[in-house]
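Visitor: What would the 3D arrangement of this be:
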Amino acid sequence: MQFRGCIKAALVVLGVLLVLGGVGLKWGLFPVVVEQMIVDQIRLSPDNEEIWDTWVEPSKELPVYMHFNFFNVTNPQEIKSGEKPRVEEVGPFAFREVRKKEGISQIGDTITYGSYISYHFDEAASCPTCKAETQITVVNPALLGIISMVETLSAEFGTDLSETVLKPLNQLISDPDGPLADYYDDLFTTKTPSELLYDGYEPGCIKAILYILDQLPVPIEIPDLIADGKFAFFKGKNGTADMGWYKINTGLYNTNLYQHIEEFNGEDRLPEGWWDRLPKTPSANRSGVEGYCHDLAGTDGTQYPPFVKKENDLWMFSSDLCRSIYLSYYEDVDMDGVETYQFRVKPEVLSFANPDNACFCPNVAECAKEDPNEDKWDLSACTHCRDGMISLLGCQGAPVIISLPHFLDASETDRTAIEGISPDASLHTTYLNIEPYTGLALDAHKRIQVNVPLQQNQYITVLNNVREAVFPVVWVDEFATVQGDSMDKVKDNLVKPFLAVDIGVGFMIGVGIILLLAVSVFSVFFSDGTTRRRKNQKV
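Guide: All right, here's what the predicted structure looks like:
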């Protein structure tokens with residue numbers, strides 16, 4: 001009996017120790033070990049070669065693509081007569097990105113570097129009919145940009161230059177066969193993707209405006225955008241290091257700042273001329289508070305600090321958008337056995353119903369009114385500020401309007417102004433699939449659409465009768481997806497260790513529970529047998 005009691009006590013102690021040990025390992029010791037392991041694993045330093053080399057040249061191991069989908073205009077002559085524009089999407093034209101960081105300098109917990117990017121057409125990854133020589137007809141962005149430039153110059157000089165500049169411009173660009181044929185241009189242009197995007201072409205309207213400005217009695221500084229007589233949407237941004245200079249935090253002393261951008265082009269705030277300063281409420285404005293539009297926040301979107309939480313928005317600075325944007329948790333996504341959190345750009349990010357966005361409306365201080373009943377701005381008079389869109393006139397010097405593809409999250413009016421627009425959130429939203437422990441984006445799609453404002457103009461014949469609209473030119477999907485060998489590395493570093501611990505902990509807790517149950521069963525059994533024997537002895 002004494003021996004049996006000792007065995008039972010030993011089994012109880014062992015079972016309890018196994019259960020408590022499993023619980024302590026899983027929810028006590030293991031999280032601490034994992035946290036330190038991950039912090040060491042993602043440490044951004046030259047002596048951490050694998051992470052450092054990937055950071056310096058991310059596209060070497062992980063293919064990064066830009067997919068360009070153009071809005072080919074199918075009724076150009078009818079549009080000039082006042083009919084509704086009709087477009088058809090052509091694409092994707094795939095360009096492979098080469099990304100490098102150059103001029104790297106590390107001091108303490110910060111790194112400064114220049115961003116180098118080049119693009120190379122990849123016909124194999126493009127649509128079957130998408131060739132390098134494919135001709136695309138789009139609205140003429142150079143002509144519309146020149147008109148906007150003249151309006152800006154008029155405001156600077158305090159006099160209307162339309163009569164002086166636009167009238168002779170119209171004469172020069174309206175003669176396709178005569179002595180002024182070199183200056184001829186139209187509301188629409190037909191070019192190859194590379195000409196429109198990077199290589200550039202020489203529009204007649206730019207030749208004409210350069211000639212006109214040169215003849216004016218008052219010297220006018222020629223904008224860099226057109227000074228060489230060529231136009232391309234991304235002119236000067238292919239194969240150069242002129243993509244901005246950055247200073248980021250390595251997270252050495254604070255992992256919450258890991259790869260956060262601290263400076264862009266030597267400044268810790270965005271340039272004053274890019275955005276307005278109006279804060280979210282009139283009372284804040286009276287108190288001297290400024291809006292957040294000049295704030296530099298977040299990372300470049302490829303990597304975030306470790307241990308991402310669903311309830312915390314992720315901020316990303318995009319030089320293409322000239323601003324920081326935030327993404328909010330949307331859903332869990334399983335990527336080949338790796339659990340990720342998907343964060344998306346929600347409609348409120350580009351909505352002027354969001355009071356934080358007031359300062360993204362150009363010249364908003366001139367049209368915003370105080371609401372007499374609430375502490376908020378009434379932007380109803382700011383008709384140029386549209387939900388789902390953002391004007392880059394301040395930072396690009398050109399009338400470029402950015403939206404989500406196919407005017408996703410824009411107003412019904414803007415979507416229906418163009419025939420051929422069909423927004424689909426599954427195809428057109430910007431999202432990141434983030435592995436929460438490391439903060440690494442395993443699947444990233446940054447999707448934007450480039451548009452220009454189409455407006456009537458009494459001095460330019462081809463614009464006399466057009467319907468006013470925000471006219472789409474091209475939408476872009478910049479993406480990278482971790483897969484293959486790269487995904488196997490993620491699994492080796494994350495999934496397998498967690499699985500091994502789960503199996504070990506499950507085994508410990510399971511054996512411990514079985515031992516405790518066995519002791520309980522045997523106790524009941526032997527106790528019952530002993531009772532019966534005592535009763536028999538009494539009888």
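Visitor: So what touches stretch 415-422?
Guide: 71, 74, 84-89, 406-407, 423, 467, 469-472 (C-beta atoms under 8 Å, 6 or more residues apart in numbering). Using the backbone N, CA and C atoms, a C-beta is placed for each residue, glycine as well.
Visitor: and the closest residue to residue 132 other than its chain neighbours, bridged to which residues?
Guide: Computed as C-beta to C-beta, 6 or more residues apart in numbering, the closest residue to residue 132 that is not its neighbour in sequence is residue 121, at 5.5 Å. Under DSSP bridges, the beta-bridge partners of residue 121 are residue 95.
Visitor: quick one: contacts for residue 121?
Guide: Applying C-beta under 8 Å, 6+ apart, the residues near residue 121 are 93-96, 132, 193-194.
Visitor: out of the residues you listed, which are buried?
Guide: 93-96, 193-194 (16 or more other C-beta atoms under 10 Å).
Visitor: picking up where we left off before, out of the contacts of stretch 415-422, which end up buried?
Guide: Applying 16+ other C-beta under 10 Å to the contacts of stretch 415-422 flags 71, 85-87, 89, 406-407, 423, 469-472 as buried.
Visitor: Just send those residues back as a markdown table, with pLDDT, distance to residue 297 and secondary structure too.
Guide: Conversion of those to a markdown table gives the following (pLDDT from 0 to 100; distance: C-beta to C-beta, whole Å; DSSP: H, G, I helix; E, B strand; the rest coil):
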| residue | pLDDT | distance to residue 297 | secondary structure |
| --- | --- | --- | --- |
| 71 | 97 | 32 | strand |
| 85 | 96 | 37 | coil |
| 86 | 97 | 40 | strand |
| 87 | 97 | 35 | strand |
| 89 | 97 | 33 | strand |
| 406 | 97 | 28 | helix |
| 407 | 96 | 26 | helix |
| 423 | 96 | 27 | coil |
| 469 | 94 | 33 | strand |
| 470 | 94 | 27 | strand |
| 471 | 96 | 31 | strand |
| 472 | 96 | 29 | strand |
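Visitor: Using CSV, lay out these together with distance to residue 292.
Guide: Formatted as CSV, the buried ones among the contacts of stretch 415-422 follow (distance: C-beta to C-beta, whole Å):
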residue, distance to residue 292
71, 32
85, 35
86, 39
87, 35
89, 35
406, 28
407, 25
423, 28
469, 30
470, 25
471, 30
472, 29
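Visitor: ok, the residues you listed vs residue 356, which is closest?
Guide: Closest approach between the buried ones among the contacts of stretch 415-422 and residue 356, by C-beta to C-beta: residue 407, at 21.7 Å.
Visitor: how close does the closest residue in space to that closest one that isn't next to it in sequence get to residue 387?
Guide: With C-beta to C-beta, 6+ apart as the criterion, residue 407 has its nearest non-adjacent residue at 4.6 Å, and that residue is residue 415. Here the criterion is C-beta to C-beta, to the nearest Å. By it, residue 415 lies 11 Å from residue 387.
Visitor: what are the ranges of the strands in the stretch 201-350 of the chain?
Guide: 245-249, 261-264, 314-318, 323-335, 338-344 (DSSP state E, counting those that start in this stretch).
Visitor: Around residue 331, count how many other residues there are.
Guide: Neighbourhood size, residue 331 [other C-beta atoms under 10 Å]: 12.
Visitor: Quickly list what it is bridged to.
Guide: Residues in beta-bridge contact with residue 331 (DSSP bridges): residue 342.
Visitor: quick one: it and residue 437, what's the gap?
Guide: 18 Å.
Visitor: which residues does the residue most central in space within the chain contact?
Guide: By C-alpha atoms, centre = their mean, the mean C-alpha position of the chain lies nearest to residue 446, the distance being 4.3 Å. Counting by C-beta under 8 Å, 6+ apart, residue 446 touches 301, 318, 430, 477-479.
Visitor: Please apply the same query to residue 327.
Guide: Contacts of residue 327 by C-beta under 8 Å, 6+ apart are 313-316, 343-346, 430-432.
Visitor: pLDDT below threshold where in the stretch 51-200 of the chain?
Guide: 156-158 (pLDDT under 70).
Visitor: What ranges does it have for its strands?
Guide: 64-73, 87-107, 110-121, 136-139, 188-191.
Visitor: Let me have these in CSV, extended by distance to residue 263.
Guide: Formatted as CSV, those follow (distance: least, C-beta to C-beta, whole Å):
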stretch, distance to residue 263
strand 64-73, 24
strand 87-107, 12
strand 110-121, 8
strand 136-139, 36
strand 188-191, 37
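Visitor: Check which residues of stretch 179-188 are buried.
Guide: In stretch 179-188, counting by 16+ other C-beta under 10 Å, buried: 183-188.
Visitor: for stretch 473-483, that is, sorry about that
Guide: Those would be 473-482, for stretch 473-483 by 16+ other C-beta under 10 Å.
Visitor: follow-up on the earlier one: average model confidence for whichever strand or helix holds the residue nearest to the centre of the chain?
Guide: Assigned by DSSP states H and E, residue 446 belongs to strand 440-454. For strand 440-454, mean pLDDT rounds to 94.
Visitor: so how far is that strand from its chain's centroid?
Guide: 6 Å (C-alpha atoms, centre = their mean, to the nearest Å).
Visitor: tell me the angle that strand makes with strand 323-335.
Guide: 130 degrees (axes from the mean of the first three to the mean of the last three C-alpha atoms, to 10 degrees).
Visitor: one step back: can you lay out the strands of the stretch 201-350 of the chain as a markdown table showing distance to residue 394 and mean pLDDT?
Guide: Below are those laid out as a markdown table (distance: least, C-beta to C-beta, whole Å; pLDDT from 0 to 100):
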| stretch | distance to residue 394 | mean pLDDT |
| --- | --- | --- |
| strand 245-249 | 20 | 94 |
| strand 261-264 | 15 | 95 |
| strand 314-318 | 15 | 94 |
| strand 323-335 | 10 | 95 |
| strand 338-344 | 26 | 94 |
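Visitor: and those as CSV, adding distance to residue 286?
Guide: Formatted as CSV, the strands of the stretch 201-350 of the chain follow (distance: least, C-beta to C-beta, whole Å):
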stretch, distance to residue 286
strand 245-249, 34
strand 261-264, 30
strand 314-318, 28
strand 323-335, 25
strand 338-344, 35
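Visitor: Ok, which of those strands comes nearest residue 458?
Guide: Among those, strand 323-335 sits nearest to residue 458 (C-beta to C-beta), with 34.2 Å.
Visitor: Could you pull out the buried residues of the closest one?
Guide: Those would be 323-327, 329-330, 335, for strand 323-335 by 16+ other C-beta under 10 Å.
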